[in-house]
Structure formats: structure tokens, C-alpha cells
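J.: Here you go, sequence then predicted model.
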Amino acid sequence: MKSLIIIFLLAVCGSTAPVYGRSFKDAVDRVVVIEHNPVRIIPLAPSLTEILYYLGLGDRVAGVTAYSYYPPEALTKPQVGGYHDLNIEKIITLNPDLVIGTKDGNNPGIVDLLEQAKIPTYIVNPRNIVEVIETVRIVGRICGVDARADQLAGGLTKRLERIREAVKGKKKPLVFLQINLHPIMSVNKHTFHHDLISIAGGINMTADSGINYPRISIEELLKRKPDVLIISSMDRSGEFEKARQEWLNFKSIPAAKERRVHLIDSDLIDRPSPRIIDGIEEMARIIHPEVDWDAINGQ
């Protein structure tokens, strides 16, 4: 009997399974205690929904926010309102044992209400690509799939390094990223979009703006003369293609003269999820078409 007890204790102590309850400090310096393996999770942003599905946790997702349409399976989940206008009653009714939100996107008052309802709520705030990958790791740890998260994050990091290596030493063109049609808007160096442009081997034309998402006039573009112009497209009935065609008429802009005006899927560059690496790869193809990207991706 004594030997059986010893064997049991050794098995428990040597186990690599996640240990609960565990404490995690989130992006707003709150200590969140997770007392058991979460099985009913509500992500409060489409990017977080994507992370959970990439981690193989789709069956644990109890609800999602509006515009959580990737992967398609997420469309079958109950919706808890929009990114900025969440339905707290619906969230509580779904009886989650973990809610994951974002610092910049969700109303801080929601966290207070969820805490009052005794629902563990963890807040993330990825501000660059490295932090997006780290968010994948921490979400995996909170949900008890540490090894799976490390494997996914490791794969994303390798893809990122391949892109960096491919554009290393290449001449960096001046890039204007348009993230809104009316008014015309771009991004400064304090956004993760800037990180995308830099990693893809370009120079962000509006990096030094004092506003994170500055409005830009046509006159400024005519003056700054970007080599590449990329429009973040949500494919609204051809609106973005129309904008691309209009830019091509400004022949005094090098990007237009050389027909280097491109659309890119906004979901790939606006959502801090694993798909953002796809966005960087697509952006790098646009900025550096001279690179044999098919050969690099085949490595």
C-alpha cells in the first residue's frame, strides 16, 4: 500500500499537465485567478476568437462578438454584442468561466461588471507583432493548452524570421498604408500596423505623426511621394477597388506611376491574431516583389 502511495505521489509531482488554480497578471495589471480549466470561454474581440480556434479550443467558445466570422464555425456561436457595445446580460446568461477582452477595444466598465458577477476576466493589449505572438502563448496557458500554444507561437515566430531574413539588406521603399477611405487615414509608429510595414521591409510614410491614426490629405501624398501605396480593404461593393483606380490617376506619385497601388485584406492586418503573419507575408510580397516568396515559403 505504501509503495502505491509513493508511485501516485511521483506521478502527480512529475505530471506536465497544467496546474490550477493559477494566477496571471493581465495588461491592466490585474491579477486574475483561474481556479479550474476553463470550458466556457467568451472572447470579446474577433481576434481573440481566432486565437482560441487556432489553439483548437473552438468547442470551448461559449459566445463571440459581432464580426467574428473566422473561422466560419464561429458564426454558429451566440453573439454577445459588438466590440464596443457588449451585452453584459447576454454574457452572464451564457455562464462563462473565463472572459478574455482587450484594453483598447472593450469598455473598461465591462470588466468591473464581470468582476461583480464573479466571472474571471483577463485583458490583453498586444501593441506589436511580438506581443501578438506572446498573446497566443498566454491565452494558451490560461486555457490549459501550454504545449499547443508554444508550438503555434513557435511556428509563427519562424515564419516571421523567414520574412525578416528575406527582406534583409533590400532597399526599403516609402510605403503609405491607407486604413480608411473617407477621410483618408494612416498609422504612426505607435501602432502595430507600423510594425507590419517595418517587418515587411518598408518605411512607413506617416511614422512620425503625433497622432496614432492621422488624417492625410491628397496634397501631402503628392508632396511625400510614396513608392508603394497599400489600401486596407474590407471589400465594400467595389469601393476599395474604385479608390485604387482613383489613386492610379495621380501619376506624380511614384506608387501610381509605377502601378504599385495595391489592396490588402483588412482582416489580415487589422486583427492581432495568428493570421496577422499572413498579412505580413502579403505585405512583404507587395513591397518586395523581387523576392522569390514561393521558394521562401516552401522552406
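T.: Received it, and whenever you're ready, just let me know what you need.

J.: Ramachandran coordinates for N87?
T.: phi -100, psi 100 (degrees, to the nearest 10).

J.: now swap in T76 and tell me
T.: phi -80, psi -10.

J.: Which pLDDT value belongs to it?
T.: At T76, the model reports a pLDDT of 98.

J.: give me the number of residues near it?
T.: 9 (other CB atoms under 10 Å). All C-beta spots, glycine's among them, are computed from the backbone N, C-alpha and C.

J.: State the helix or strand in which V175 lies.
T.: strand 174-178 (DSSP states H and E).

J.: Mean confidence (pLDDT) on that strand, please.
T.: 98.

J.: From the rest of the structure, what touches it?
T.: Residues from elsewhere that reach strand 174-178, judged by CB atoms under 8 Å, 6 or more residues apart in numbering: 184-187, 193, 197, 202-206, 216, 221, 224-232, 243, 255, 287.

J.: what's the answer for stretch 264-272, then?
T.: Contacts for stretch 264-272 (CB under 8 Å, 6+ apart): 46-47, 50, 70, 126, 131-132, 135, 179, 192-193, 196, 230-235, 275-276, 278-280, 282-283, 286.

J.: now, which of those lie within strands?
T.: When those are checked against strands (DSSP state E), the matches are I230, I231, S232, S233.

J.: Among those residues, which one is most surrounded by other residues?
T.: Neighbour-wise, the ones in strands among the contacts of stretch 264-272 (other CB under 10 Å) top out at I230, 28 neighbours.

J.: Look up how far I264 lies from that one.
T.: 5 Å (CB to CB, to the nearest Å).

J.: Identify the contacts common to those two.
T.: M283, I286.

J.: buried stuff in stretch 231-250?
T.: Residues I231, S232, S233, F240, A243, R244, W247, L248, F250 are the ones in stretch 231-250 that count as buried (16 or more other CB atoms under 10 Å).

J.: Where does the prediction get shaky in the protein?
T.: Low-confidence segments of the chain (pLDDT under 70): 1-20, 236-237, 298-299.

J.: 50 instead?
T.: Residue ranges of the chain with pLDDT under 50: 1-18.

J.: Dihedrals phi and psi, Q79?
T.: phi -100, psi 140.

J.: for P108, same thing?
T.: Per degrees, to the nearest 10, the backbone of P108 is at phi -60, psi -30.

J.: Just give me the neighbour total for it.
T.: 10.

J.: Could you find the closest non-adjacent residue to it?
T.: Of all residues not flanking P108 in the chain, V28 sits nearest, at 7.9 Å (CB to CB, 6 or more residues apart in numbering).

J.: That neighbour: what's it in contact with?
T.: K103, P108, V111, I123, N125.

J.: Kindly write the ChimeraX command that selects the buried subset of the residues you listed.
T.: Listed next is the ChimeraX selection for buried residues among those, using 16+ other CB under 10 Å:
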select :111,123
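
J.: Output the contacts of V28 in TSV; the columns should cover distance to K170.
T.: Shown next, in TSV, are those (distance: CB to CB, whole Å):
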residue	distance to K170
K103	35
P108	42
V111	44
I123	38
N125	32
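
J.: Just give me the closest of the contacts of V28 to T93.
T.: Nearest to T93, judged by CB to CB, of the contacts of V28 is V111 at 18.0 Å.

J.: Was I right to think the closest one contacts I100?
T.: No. Here V111 does not reach I100: they are 11.1 Å apart, not a contact under CB atoms under 8 Å.

J.: what's the overlap in contacts for the two?
T.: Joint contacts of V111 and I100 (CB under 8 Å, 6+ apart) are T121, I123.

J.: quick one on the thing from earlier: out of the contacts of strand 174-178, which sit inside strands?
T.: Going by DSSP E, the strands hold I203, N204, V228, L229, I230, I231, S232 from the contacts of strand 174-178.

J.: out of the residues you listed, who's nearest A62?
T.: S232 (30.8 Å).

J.: so that closest one bridges to which residues?
T.: The partner list for S232 in beta bridges (DSSP bridges) reads I264.

J.: Skipping adjacent residues, who's closest to T206 in space?
T.: T206 sits nearest to S186 (CB to CB, 6+ apart), 4.3 Å away.
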